[in-house]
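Asks: Sequence first, then the predicted structure, then my questions.
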Amino acid sequence: MRILIVEDEVALAEALVQIFGKNKYIADACYDGVSGLDNALTDIYDVIVLDIMLPKMNGLDVLKNLRLNKITTPVILLTAKDEISDKVKGLDYGADDYLTKPFATEELLARIRSVYRRKENTICENVLSYDDISLNLSTYELTCGQNTVKLGLKEYSIMELFLKNKGRVISKENLIEKVWGYESDAEYNNVEVYISFIRKKLIHISSLVSIKTVRGVGYRLE
Ligand code: CA
């Protein structure tokens with residue numbers, strides 16, 4: 001398990017790195033909100049321990065930004081103040097748990113194991129499949145056998161639409177509405193570009209599934 005600690009009390013952050021290390025977790029520490037967000041956006045962590053009061057950007061804004069960017073890594077908030085409003089806001093923004101300082105490290109370790117387990121369980125349920133491919137709705141990964149490729153947000157939304165409408169033809173208008181939104185000025189040409197990206201990725205993971213063009217109508221998974 002890989003853990004990111006975002007905590008400006010350097011002594012505490014370093015102590016946590018040590019403790020996590022002893023528990024065979026890989027841990028990295030950041031000491032302000034901006035670098036914490038940058039690191040968390042890499043999406044390589046299994047759990048993030050995030051302090052609320054941080055220099056440059058506070059923990060709640062870091063969390064909000066992460067969720068806006070579709071990073072679903074479980075977050076445990078740390079708060080020095082026993083303020084209910086921060087906790088409520090944190091949970092609203094998508095925190096998985098919180099802990100009030102000072103806390104026992106055993107309790108933090110237990111919470112980490114618990115949010116991690118919960119995350120693992122949701123991943124198992126959050127998969128759409130068709131023939132030899134499966135799409136993970138949490139990680140945006142498209143898998144065929146041993147091969148996995150990460151999809152961009154638009155590619156993912158398009159694939160999700162195909163997988164929820166197995167075998168059905170989906171028109172370009174429909175794709176624009178569902179993926180780009182009613183208000184968007186996306187054109188057919190944008191759709192074609194993304195379809196070609198996805199086709200390349202399907203070939204890349206050696207899938208037998210392909211996106212067929214149905215002339216004058218749209219596309220269908222085959
Ligand atoms: Ca702090």
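Replies: Great, that's in hand. Just so you know, these numbers come straight off a predicted model, no measurement behind them. Residues are numbered from 1 along each chain as shown.

Asks: how about the worst-scoring helix or strand of the chain on mean pLDDT, does it get close to the ion?
Replies: The helix or strand of the chain with the poorest confidence is helix 84-92; it has a mean of 79 (mean pLDDT, DSSP states H and E). No: judged by CB under 5 Å from the ion, helix 84-92 stays clear of the ion, getting no closer than 11.9 Å. Quick note: C-beta positions are derived from backbone N, CA and C, even for glycine.

Asks: next helix or strand past that helix?
Replies: If you walk from helix 84-92 toward the C-terminus, the next helix or strand you reach (DSSP states H and E) is strand 97-100.

Asks: quick one: the helices in the chain?
Replies: Assigned by DSSP state H, the helices in the chain fall at 10-22, 33-41, 59-68, 84-92, 105-125, 153-164, 172-175, 188-204.

Asks: Which of these sits closest to Leu135?
Replies: Taking CB to CB as the measure, the helices of the chain were each checked against Leu135, and helix 153-164 came out nearest at 5.4 Å.

Asks: mind checking how far the residue nearest to Val179 when sequence neighbours are not counted is from the ion?
Replies: With sequence-adjacent residues excluded and distances taken as CB to CB, 6 or more residues apart in numbering, Val179 is closest to Ser157, at 4.5 Å. For Ser157, the distance to the ion equals 37 Å [CB to the ion, to the nearest Å].

Asks: okay, now the closest residue to Asn126 other than its chain neighbours: neighbour count?
Replies: Closest residue to Asn126 in three dimensions, ignoring its sequence neighbours and counting by CB to CB, 6+ apart: Leu137, at 4.0 Å. Other residues within reach of Leu137, judged by other CB atoms under 10 Å, total 17.

Asks: isn't Leu137 right up against Leu128?
Replies: Yes: applying CB atoms under 8 Å as the test, Leu137 and Leu128 come out as touching, 6.7 Å apart.

Asks: Counting neighbours, which bits of the least confident helix or strand of the chain end up buried?
Replies: If you call a residue buried by 16 or more other CB atoms under 10 Å, then helix 84-92 has these buried ones: Asp86, Lys87, Lys89, Gly90.

Asks: again with stretch 190-202
Replies: Under the neighbour-count criterion of 16+ other CB under 10 Å, stretch 190-202 has Asn190, Val191, Tyr194, Ile195, Ile198, Lys201, Leu202 buried.

Asks: residues in contact with the residue nearest to the spatial centre of the chain?
Replies: In the chain, the C-alpha closest to the average C-alpha coordinate belongs to Ile71, at a distance of 2.9 Å (CA atoms, centre = their mean). Shown here is Ile71, whose contacts under the criterion CB atoms under 8 Å, 6 or more residues apart in numbering are Ala40, Leu41, Asp43.

Asks: Go through these and name the one nearest the ion.
Replies: Proximity of the contacts of Ile71 to the ion was ranked by CB to the ion; the top entry is Ala40 with 16.4 Å.
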